[in-house]
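Asker: requesting a structural model of the entry that follows:
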Amino acid sequence: MQRLSDGLFQKFSALVYQEAGINLHDGKKSLLEARLAKRLRATGIDSPRAYLDFILSEEGREEYVRFFDAVSTNLTFFFREPKHFEFLENVALPEIVERNRKSGTARIRMWSAGCSTGEEPYSMAMTVLTSLDQPFRWDFRVLATDISTRVLQTAMLGVYEQSKLANVPVALRQRFFEPLRDGGSTKTYRVRDELKKIIAFRRLNLMDSFPFKGKFDVIFCRNVMIYFDKKTQESLIQKMAAYLHHGGYFFVGHSESLTGLHHPLKYVKPAVYKKL
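Answerer: This next block holds a predicted model:
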């Protein structure tokens, strides 16, 4: 691939920031070049300049989505940052259950924002389903969103190699996953319908207006805002907090902090916030 000039890098960087709020600073130039090289090979386009023109054209709309698939980072695994799931089980969920019982509602709603290939929302759903007393009495659902259609396809399929389930306790693996007998050398598992039906996967650009009206009891937005600058982080946290019930919990990644940002949430412990 032709080397990306500084001027062209700035054009791509501005496009990514404008569309997705992701801050591709100068230190990310080599990463962008690597991701672009893959898309140029896939499309047969011979230069970054021609590729940029193509994705901004009417006929390049599908490739435009694939470009954002390529530049978004999708590292995740089941029960990543396990203390969050311990907090969800032992603190957040009991509070939500008690509050909802007093108000006479069986509705529990959670949102995995930036769900990648699905490990996070499936982990949230497994935690809740195994913690609730008589879970069938509750109207429990998880909304799982991501900007990347590629990772959402994996999430909706719900098929994972055995190595991906290393952090899933055996009891949960046996209850919520079934082995696939495809004859291949790599053992794979499929999410059972009991778990899959809890979750709605949708494409959502967090920079856009949110297409839902209801509020959530819990929002996971972990390891997402690290790609945004402070201005975008503050705007996003305020927008998301408006969709959180009073008493609801907001989780960020352990490498993230809301310190220095103006927002309506109360700090509870590292990477955990509450709307009072």
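Asker: please count neighbours and contacts with C-alpha atoms only from this point.
Answerer: OK.
Asker: okay, now the unreliable bits of the stretch 51-200 of the chain?
Answerer: Under the criterion pLDDT under 70, the flagged ranges of the stretch 51-200 of the chain are 74, 182-186.
Asker: repeat that for 50
Answerer: Within the stretch 51-200 of the chain, not a single segment meets pLDDT under 50.
Asker: strands along that one, start to end?
Answerer: Under the criterion DSSP state E, counting those that start in this stretch, strands of the stretch 51-200 of the chain are mapped to 107-113, 139-146, 159-161, 177-180, 188-191, 199-203.
Asker: turn those into a markdown table, including distance to Ser131.
Answerer: Formatted as a markdown table, the strands of the stretch 51-200 of the chain follow (distance: least, Cα to Cα, whole Å):
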| stretch | distance to Ser131 |
| --- | --- |
| strand 107-113 | 13 |
| strand 139-146 | 12 |
| strand 159-161 | 24 |
| strand 177-180 | 18 |
| strand 188-191 | 19 |
| strand 199-203 | 17 |
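Asker: and for Glu89, the neighbour number?
Answerer: 19 (other Cα atoms under 10 Å).
Asker: gap between it and Pro270?
Answerer: For Glu89, the distance to Pro270 (Cα to Cα, to the nearest Å) stands at 17 Å.
Asker: before we move on, what about Gln233?
Answerer: Applying Cα to Cα to Gln233 and Pro270 gives a distance of 17 Å.
Asker: between the two, who's got more neighbours?
Answerer: Counted by other Cα under 10 Å, Gln233 and Pro270 do not tie: Gln233 has more neighbours, with 19 against 15.
Asker: give me the residues contacting the host helix or strand of that one.
Answerer: Element membership of Gln233, judged by DSSP states H and E, is helix 230-241. For helix 230-241, contacts defined as Cα atoms under 8 Å, 6 or more residues apart in numbering pick out 21, 206-207, 225, 261-265, 275.
Asker: returning to that earlier point: turn the strands of the stretch 51-200 of the chain into TSV, including mean neighbour count and distance to Tyr17.
Answerer: Converted to TSV, the strands of the stretch 51-200 of the chain look like this (neighbours: other Cα atoms under 10 Å; distance: least, Cα to Cα, whole Å):
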stretch	mean neighbour count	distance to Tyr17
strand 107-113	21	18
strand 139-146	20	16
strand 159-161	18	32
strand 177-180	17	38
strand 188-191	19	35
strand 199-203	18	18
